[in-house]
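Q: Sequence and predicted model, in that order:
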Protein chains: 2
Amino acid sequence: MSDRVTSKDVARYAGVSQATVSRVFSGNSASVTPETQSAVLHSARALGYRPNVIGRMMRTRQTHIVGIVMANITNPFYPYVLEKFLQRLQQMERQVLLFTAAPEQSVDDLLPLALQHQVQALIITSATLSSAMIAECARAETPVILFNRTVTGESISAVCADNLAGGRMVAELLWETGHRHFAYITGEPDTSTQVDRYRGYRDALAERGITQIALEHGVYTYESGYRAAQTLLRQASRPDALFCANDITAIGAMDGARDLGLSVPHDISIVGYDDIPMAAWGAYQLTTVSQEVDVMIETTLEMLIRRVADPHALPELRLIAGRLKLRSSIQPRSKG
Amino acid sequence: MSDRVTSKDVARYAGVSQATVSRVFSGNSASVTPETQSAVLHSARALGYRPNVIGRMMRTRQTHIVGIVMANITNPFYPYVLEKFLQRLQQMERQVLLFTAAPEQSVDDLLPLALQHQVQALIITSATLSSAMIAECARAETPVILFNRTVTGESISAVCADNLAGGRMVAELLWETGHRHFAYITGEPDTSTQVDRYRGYRDALAERGITQIALEHGVYTYESGYRAAQTLLRQASRPDALFCANDITAIGAMDGARDLGLSVPHDISIVGYDDIPMAAWGAYQLTTVSQEVDVMIETTLEMLIRRVADPHALPELRLIAGRLKLRSSIQPRSKG
DNA sequence: TTGAAAGCGCTACCAA
DNA sequence: TTGGTAGCGCTTTCAA
């Protein structure tokens, strides 16, 4: 199977040494006369030769492969992230080995495989790592960068939205527009993103004297948002403001509210987080916190390049501020 | 950089030969006494050894890597497809090298890279290949399977929805429910999927004496559907039935119609294709043709396994029938 | 069962 | 500028 034609074959055909063929194809053609070079290229074309990258990796001990672990591709926030990472890494002449964590599968089980493939670096989105695994990557000198998650108390690089500030912004917006009865739909409980979003929200409200927040559990999906909203809104004391851990949850919540005969924003204001494409759709017009995805991606790539160049660079956490995106899923309440 | 610890180090540490270490880690541990084996494993753990897969690839000339080329990840139909392919391939102990075609970039430019990485097989979604590239893959004996596209007159394997039949089903449904003024919003013009969907639609209507179909151009996106629908619906002779090349276009079209003050389905019935998650959302309830994605994926994987096992297997085209998914974006018209 | 040794396809060193 | 050669880390004969 695979490329049967090797540099040896090309060399024989062109009447040069195998080393010369290698020079032509490895960019060292500076030290090859134009004539030999074209002879080699001609032979290569005739035989249909393409250098076997595995051989090159073996010799140079450089794979130029970046591993990406993505736990949650079907959350509409991630396809864009993935596409952008791919495009940029391809531009940088890096290949991407993609891994996904199956339901109930820990990222920890995926990483050994990635490490064995000698990836140059690892980007892990929407998931975290055990300390043991962090240590193992460190020992292998493989830089790891968390995207959209943080781990506290660990020595690991991460690029993340400033979720604490984002949660505060939402609380302040809702407060200023006269809301007084607050609710929150969570994401998966131990994800740093939603924990921080909630803490920011809760703290800002507490500073304004609000200590009661109706909580309902969600798992970052449309369906969970739908159900959670219906549970919340069927209760006697209905909130007038609902913040959701992310947009897809919020969109589910909007539909859940409407199917109870409630109007958004007339009966309840709803706010999400992420600014996914659907948030701007006519039927939703969801007010949300826009993550600066492009900035987050570029920051991640910069860190990646830096850490590949210098494996001993200290890990750093970069928080990227978000922006409120006002749309019509909220409306002011008469105060009092 | 990367794993500094090799089988040689483990061998020295354990006081055995390097070959023995290899036997332990390559599944040939049948021919190793339990004592040696545990000595080796113990040393490996002590040193933090993990086999270098690149070395193995080099020696066995088997990468166990499957290449996936995906042109259009942000179309909500694909994240699920990608996630499922990843999960299944991971189960099959295959790694995935993922490529995306940047805007205006041909898949042809990506394939040489994949081939050089000695992928075992290639899955290409939502894109086609030139004859030259098909020939090149054949010469390299790398099986290629098109997912959700076909190429006519070429010797290449493909798994695709039966779009011709799907288009017919939509036409028949709309005709039976009393619609008489038909429109269609295209996808990118030379993609086999939308060409077939349109042909099925047009032919079935022609058989019923309808020869006029209002056409508008789209590119498989929400925005293009929105715009195209507005153009169509501003015209004096408004259609009462609109079929869109895919769901995301149809959803854009629904919002476009509503923003003109029209009601779906009261003023116009709209039908999509794919059955993406958003089609079921409360705000849309889009009638559509459901692709049997899981069946398509399993079929693709079966073909892939078969062709990897037997590189000379003949290419085949498998069409997977879809099913109408009736929702409330259409309503019957009083005939005549 | 174990070890020695060859070699996968390539790059990079050293001599010529 | 070119060729010969060593060797990346591994698997897999072949002998012992």
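A: Nice, I can see it. Residues are numbered from 1 along each chain as shown, chains lettered A, B, ... in the order given.
Q: which residues sit against whichever strand or helix holds residue A:135?
A: Following DSSP states H and E, one finds residue A:135 within helix A:131-139. Applying Cβ atoms under 8 Å, 6 or more residues apart in numbering or on different chains, the external contacts of helix A:131-139 come out as A:107-108, A:111-112, A:115, A:122, A:129, A:143-144, A:151, A:154-156, B:48. C-beta here means a position set from N, CA and C on the backbone, and glycine is covered the same way.
Q: list the buried ones in it?
A: For helix A:131-139, the neighbour count (16 or more other Cβ atoms under 10 Å in any protein chain shown) marks A:133, A:134, A:136, A:137 as buried.
Q: what residue is smack in the middle of chain A?
A: Centroid-nearest residue in chain A: residue A:125, 4.1 Å away (criterion: Cα atoms, centre = their mean).
Q: Do I have it right that it meets residue A:67?
A: No. The pair residue A:125 / residue A:67 is not scored as a contact, 11.4 Å apart, by Cβ atoms under 8 Å.
Q: Run through the stretch 201-336 of chain A and note the low-pLDDT ranges.
A: Applying pLDDT under 70 to the stretch 201-336 of chain A flags the ranges A:335-336.
Q: Tell me which residue in it sits closest to DNA strand D.
A: residue A:311 (15.7 Å; Cβ to the nearest atom of the strand).
Q: burial measure for that residue, as a count.
A: Per other Cβ atoms under 10 Å in any protein chain shown, the neighbour tally for residue A:311 reads 14.
Q: now the one 4 residues further on
A: Here the neighbour count serves as a burial measure; for residue A:315 (other Cβ under 10 Å) it reads 17.
Q: can you give me the strands in chain A?
A: Using DSSP state E, the strands of chain A run over residues A:65-70, A:95-100, A:121-125, A:144-147, A:157-161, A:182-185, A:213-216, A:241-244, A:269-271, A:288-290, A:317-320, A:323-325.
Q: The ones you listed into TSV, with extra columns for distance to DNA strand C?
A: Formatted as TSV, the strands of chain A follow (distance: least, Cβ to the nearest atom of the strand, whole Å):
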stretch	distance to DNA strand C
strand A:65-70	16
strand A:95-100	15
strand A:121-125	20
strand A:144-147	26
strand A:157-161	28
strand A:182-185	54
strand A:213-216	57
strand A:241-244	51
strand A:269-271	54
strand A:288-290	44
strand A:317-320	33
strand A:323-325	46
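Q: Return the most buried member of these.
A: Here the criterion is mean neighbour count by mean count of other Cβ atoms under 10 Å in any protein chain shown, and of these the winner is strand A:241-244, at a mean of 32.
Q: So which elements touch it?
A: helix A:163-176, strand A:182-185, helix A:222-234, helix A:247-259, strand A:269-271 (3 or more Cβ pairs under 8 Å, 6 or more residues apart in numbering or on different chains; DSSP states H and E).
Q: rerun at 7 Å
A: Where contact means 3 or more Cβ pairs under 7 Å, 6 or more residues apart in numbering or on different chains; DSSP states H and E, strand A:241-244 is packed against strand A:182-185, helix A:222-234, helix A:247-259, strand A:269-271.
Q: Just tell me which of the ones you listed ends up closest to residue B:327.
A: helix A:247-259 (13.5 Å; Cβ to Cβ).
Q: ok, and what's touching the closest one?
A: The contact list for helix A:247-259 (Cβ atoms under 7 Å, 6 or more residues apart in numbering or on different chains) reads A:75-76, A:185, A:187, A:218, A:220-230, A:233, A:242, A:244, A:264, A:268, A:270-276, A:278-279, A:284, A:286, A:288, A:329, B:281-283.
Q: can you give me how far it is from the chain middle?
A: 23 Å (Cα atoms, centre = their mean, to the nearest Å).
Q: in it, what's buried?
A: Neighbour-count burial for helix A:247-259, with 16+ other Cβ under 10 Å as criterion, is recorded at A:247, A:248, A:249, A:250, A:251, A:252, A:253, A:254, A:255, A:256, A:257, A:258.
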